[in-house]
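S.K.: What follows is a predicted structure for the sequence shown.
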Amino acid sequence: HPKLTVYRLLVVITTIGFGISKAVLSYQGRTIVPVTLEWFLEPLMRSKLYWLGLYESNTIGLMPYLFTTDYSSDIKGPLFLSPPSHLLTPAQKT
């Protein structure tokens, strides 16, 4: 599995955030705000994340706190990405 870094969490959270906000606003019958999000704010945020992502494979170690620390072990427990140990069979526990 790839590392779950702060940068990757930012990408996932912003994507989910924009999607949910557009869905809720559209469900409420608003038309201008979801279009504004889609046409102006999303490209702005995505381009910033794209440029930030270019530093992910840099060789001089810029911003290591965004790209090197793996937080997947911290996140798996609360989100139940892996089943709780009491639900595993003995063969799965090893």
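M.R.: Good, I have the coordinates.
S.K.: can you list contacts of stretch 44-52?
M.R.: 7, 10-11, 14, 18, 66 (C-beta atoms under 8 Å, 6 or more residues apart in numbering). Glycine gets a C-beta too; all of them are placed from N, C-alpha and C.
S.K.: how about JSON lines for these, with neighbour count and distance to residue 56 added?
M.R.: Shown next, in JSON lines, are these (neighbours: other C-beta atoms under 10 Å; distance: C-beta to C-beta, whole Å):
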{"residue": "7", "neighbour count": "19", "distance to residue 56": "6"}
{"residue": "10", "neighbour count": "16", "distance to residue 56": "12"}
{"residue": "11", "neighbour count": "17", "distance to residue 56": "11"}
{"residue": "14", "neighbour count": "16", "distance to residue 56": "16"}
{"residue": "18", "neighbour count": "17", "distance to residue 56": "21"}
{"residue": "66", "neighbour count": "17", "distance to residue 56": "8"}
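S.K.: Which two among these are spaced furthest apart?
M.R.: 18 and 66 (20.2 Å; C-beta to C-beta).
S.K.: sorry, back to before: now, which of the contacts of stretch 44-52 lie within helices?
M.R.: Among those, the residues falling in helices (DSSP state H) are 7, 10-11, 14, 18, 66.
S.K.: What is the burial count for residue 26?
M.R.: Residue 26 has 13 neighbours, counted by other C-beta atoms under 10 Å.
S.K.: check contacts around it.
M.R.: Contacts here follow C-beta under 8 Å, 6+ apart; on that basis residue 26 touches residue 34.
S.K.: repeat for residue 56
M.R.: By C-beta under 8 Å, 6+ apart, the residues touching residue 56 are 7, 66-67.
S.K.: cutoff 6 Å now
M.R.: Contacts of residue 56 were listed using C-beta atoms under 6 Å, 6 or more residues apart in numbering, and they are residue 67.
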